[in-house]
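Colleague: Give me a 3D structure for the following:
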Amino acid sequence: MPGFDHIDLTDADRFNDGVPHHWFRELRTHDPVHWQHERTGTGFWAITKYEDVKAVSRQPRVFSSWLGCTNIFELSDEDLAGSRLLMLNMDPPQHAKFRRLVSKGFTPKRIAAMETHLRELARATVDRIAERGECEFVADVASRIPMETICEMLGVPESDRQTVYDISNKLIGFDDPEFQTSHEDGKLASAELFMYASKLGEEKRRCPHDDLATVLVNAEVDGERLTEIEFQSFFLLLAIAGNETTRTVTSQGMRLLSEHPVVKRRVVEDLTLLPKAVEEILRYNPAVIHFRRTASEDFELRGKKIRRGEKVVLWYPSANRDEDVYEDPDRFDVDRWPNEHLAFGVGEHYCLGASLARLQLHATFREILTRLPDIELAGPVRYLRSNFIDGIKEMHVRFTPEARQRRPSA
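Modeller: Numbers count the residues shown, from 1 in each chain. Here you go, the predicted model:
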């Protein structure tokens, strides 16, 4: 489209230093339903306004997750068939059936019961670094609690958890050469995780436990047990979604607090601000940058005619900074309330683990800000090369070492 040729939302290199918010601001103002050409694809509609993202998300029969799945790039028939086994890529009524199944592991009672354990995990995580005076935050802090939590929920033995974490990194970092070099590498990583899930499923059938993997291998949909590949697909989705997204928000939250020392000091001095701070972190830097839908019929949005079969891509960082919804949206403001951001999505595919993620974030930041109040960045931040996940690969921090005798008692 004339006037917007400089904008290329498909170029992952333009996300190397963070989300290009100046592009999204321009689109929200001048072309909120924007046709983005692709160098190697058919093009797509970029949806950048808050209310439009909500409207598209709430019409799954018109804007399908199943037709083309949720990544922008096109898939082969074989890969598309495999991706459709993931609940993330299902439409009603199939999606509702599978969601009910896995939601048994995320009931309010079960999540609430995890709060004490999450605080213990946060305490143990900070214990490992508190006397050092510095650490690499992503590996030493942000990745540990989500990985431990989701692996415990799935019943993954402690000795296998690092393996699951390493494979999930390859699947999320498909645009970053440090994790893999091609989509073929991603397929190999998927196969690795499927093989592991198969082994775990066999173990849970032999020796059932009170965990989500045991629930899934014994669950039924429409009177039939999950097939082997359906169980493997569930495991893959939960391992990635339960690990990477919370890790990303934890890392981004630490970066934001470090870059806004006055705000951080306020939260340190008044921890009742922490719930608002967590919501503002989620709004300001949502983990997922985009999801794709595919139009199942012709539709008109803001005067633009979306044709059946065309790709429609929802941009969450843009929706979360919509000037029509948020006052001074580029300001990091821990007094912002209410804060009805779209970091967890909306509608049919609202994040099943949202309550768990919030508990993890609260526990982690409470422990860090209480025990390491002067924590700050100690070098440049290295971002994931991706227009899909707003990830941080490496972030060094420093702080006054905590004396052993001063460590708070459990």
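Colleague: ok, residues contacting stretch 391-407?
Modeller: With C-beta atoms under 8 Å, 6 or more residues apart in numbering as the contact definition, stretch 391-407 has outside contacts at 127, 130-138, 142, 172-173, 176, 178, 244, 247-248, 251-252, 254-255, 258, 287, 371-372, 374-379, 381-384. From N, CA and C alone the C-beta is placed, and that goes for glycine too.
Colleague: hang on, I meant stretch 294-311
Modeller: If you take C-beta under 8 Å, 6+ apart as the criterion, stretch 294-311 is touched by 32-33, 35, 41-45, 47, 52, 55-56, 61-65, 67-68, 72, 292-293, 312.
Colleague: what mean pLDDT does it have?
Modeller: Average pLDDT, stretch 294-311: 98.
Colleague: Next SSE downstream of the longest helix anywhere in the chain?
Modeller: Assignment by DSSP state H gives helix 228-259 as the longest helix of the chain. Later in the chain than helix 228-259, the nearest helix or strand by DSSP states H and E is helix 261-269.
Colleague: CA atoms only for whichever helix or strand comes after that following helix, dumped as CSV, please.
Modeller: Per DSSP H and E, the first helix or strand lying C-terminal to helix 261-269 is helix 274-284. Taking C-alpha atoms only, helix 274-284 is exported to CSV below (Å, rounded to 0.1, in the frame of the first residue of the first chain):
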residue,chain,number,x,y,z
LEU,A,274,3.0,-5.5,42.9
PRO,A,275,-0.3,-6.8,41.4
LYS,A,276,-0.7,-3.5,39.4
ALA,A,277,3.0,-3.7,38.4
VAL,A,278,2.5,-7.3,37.1
GLU,A,279,-0.5,-6.3,35.0
GLU,A,280,1.4,-3.3,33.6
ILE,A,281,4.4,-5.5,32.7
LEU,A,282,2.0,-7.9,30.9
ARG,A,283,0.4,-4.9,29.0
TYR,A,284,3.7,-3.2,28.2
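Colleague: can you tell me how far the residue nearest the centre of the chain sits from Ala239?
Modeller: Taking C-alpha atoms, centre = their mean, the centroid of the chain lies closest to Thr245, which sits 2.8 Å from it. Separation of Thr245 from Ala239 (C-beta to C-beta, to the nearest Å): 12 Å.
Colleague: For stretch 200-208, buried residues please.
Modeller: Buried residues in stretch 200-208, counted by 16 or more other C-beta atoms under 10 Å: Leu200, Gly201, Glu203, Lys204.
Colleague: distance between it and the chain's centre?
Modeller: 28 Å (C-alpha atoms, centre = their mean, to the nearest Å).
Colleague: Can you list the low-confidence ranges for the stretch 101-250 of the chain?
Modeller: 172-177, 179-183 (pLDDT under 70).
Colleague: Just list what the helix or strand hosting Pro146 packs against, helices and strands only.
Modeller: Element membership for Pro146 (DSSP H and E) is helix 144-154. Contacting helix 144-154 under the criterion 3 or more C-beta pairs under 8 Å, 6 or more residues apart in numbering; DSSP states H and E are the following elements: helix 115-129, helix 161-172, helix 212-217, helix 228-259, helix 354-371.
Colleague: of all those, which lies closest to Phe388?
Modeller: Comparing the helices and strands packed on helix 144-154 by their distance to Phe388 (C-beta to C-beta), the top pick is helix 161-172, with 7.8 Å.
Colleague: tell me which residues of the closest one are tucked away?
Modeller: Arg161, Val164, Tyr165, Ile167, Ser168, Asn169, Lys170, Leu171, Ile172.
Colleague: Just give me the closest of these to Pro20.
Modeller: Nearest to Pro20 among those, with distances taken as C-beta to C-beta, is Ile172, at 19.9 Å.
Colleague: one step back: with the buried residues of stretch 200-208 in mind, which one is nearest to Lys264?
Modeller: For the buried residues of stretch 200-208, the nearest to Lys264 is Leu200 (40.3 Å; C-beta to C-beta).
Colleague: wait, that closest one sits on Leu236?
Modeller: No - using C-beta atoms under 8 Å, Leu200 is not in contact with Leu236; the gap is 11.6 Å.
Colleague: Just give the number of residues close to Ile111.
Modeller: With neighbours defined by other C-beta atoms under 10 Å, the count for Ile111 comes to 18.
Colleague: before we move on, back to that, report the angle between the helix holding Pro146 and helix 161-172.
Modeller: Interaxial angle, helix 144-154 versus helix 161-172 (axes from the mean of the first three to the mean of the last three C-alpha atoms, to 10 degrees): 100 degrees.
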